[in-house]
Structures are given as structure tokens and as C-alpha cells.
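Peer 1: Coordinates for the following, if possible.
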Amino acid sequence: MITEKETIAALVKLYTEEESISEEVKEIKSNAKEAGFDPAILSAVAKSIVKNKVDELIEKSEAIVKAIEVARS
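Peer 2: The predicted structure is shown next:
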């Protein structure tokens with residue numbers, strides 16, 4: 001049976017790793033922005049690849065483009 005102290009220690013370890021990864025992500029996005037890329041778009045693509053939802057992102061993107069076209073017409 002796990003103790004409260006062990007649970008806290010495990011969570012501290014994971015939250016520390018999460019914070020470190022978050023800082024790495026920020027740095028990569030900053031580098032992408034400096035290179036002239038849109039980090040929000042690149043991040044959305046990367047997340048959709050990880051979650052195996054690329055087709056859904058494509059569909060959503062196409063729907064957004066259609067809505068823009070409607071708004072402009």
C-alpha cells in the first residue's frame with residue numbers, strides 16, 4: 001500500500017519533469033518564432049501528430065478557411 005509521503009514524492013518528481021519539459025517547449029517555440037515561423041501552428045501540428053488526430057486538424061483548418069471565405073464574401 002502506498003503512503004501519502006510516497007504519493008507526494010512521486011507527484012513532486014513528475015511535476016518537476018513537467019516544469020522542465022514546459023521550459024524546453026517554450027525555448028523551442030521561441031526559437032521557431034525567431035526563425036520566422038508561427039509557433040502556435042507548429043505546436044498544433046505537433047500535438048495532432050502525437051494524438052493521432054492529423055485528419056481532424058485538417059478538417060478543422062478547412063472549416064476555418066471556409067468560414068473566412070464566407071465572411072469575406
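Peer 1: Give me the distance from stretch 60-67 to the chain's centre.
Peer 2: Offset of stretch 60-67 from its chain centre (CA atoms, centre = their mean, to the nearest Å): 20 Å.
Peer 1: could you dump that stretch to PDB, C-alpha only?
Peer 2: Extracted C-alpha coordinates of stretch 60-67, given in PDB (Å, rounded to 0.1, in the frame of the first residue of the first chain):
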ATOM      1  CA  LYS A  60     -10.900  21.900 -38.700                       C
ATOM      2  CA  SER A  61      -8.500  24.000 -40.700                       C
ATOM      3  CA  GLU A  62     -10.500  23.600 -43.900                       C
ATOM      4  CA  ALA A  63     -13.700  24.600 -41.900                       C
ATOM      5  CA  ILE A  64     -11.900  27.700 -40.700                       C
ATOM      6  CA  VAL A  65     -10.800  28.700 -44.200                       C
ATOM      7  CA  LYS A  66     -14.400  28.200 -45.500                       C
ATOM      8  CA  ALA A  67     -15.800  30.400 -42.700                       C
END
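Peer 1: List the buried residues for stretch 17-33?
Peer 2: Applying a neighbour-count criterion of 16 or more other CB atoms under 10 Å, one finds 29, 32 buried in stretch 17-33. Every C-beta, even on glycine, is put in place using the N, C-alpha and C of the backbone.
Peer 1: Contacts for it next, please.
Peer 2: 38, 39, 42, 43 (CB atoms under 8 Å, 6 or more residues apart in numbering).
Peer 1: Which among those count as buried?
Peer 2: Applying 16+ other CB under 10 Å to the contacts of stretch 17-33 flags residue 39 as buried.
Peer 1: May I ask you to name the longest helix in this structure?
Peer 2: Taking DSSP state H as the criterion, the chain has its longest helix at helix 4-34.
Peer 1: helices or strands next to the helix or strand in which residue 66 is found in the packing?
Peer 2: Per DSSP states H and E, residue 66 falls inside helix 54-72. Counting contacts by 3 or more CB pairs under 8 Å, 6 or more residues apart in numbering; DSSP states H and E, helix 54-72 is packed against helix 39-50.
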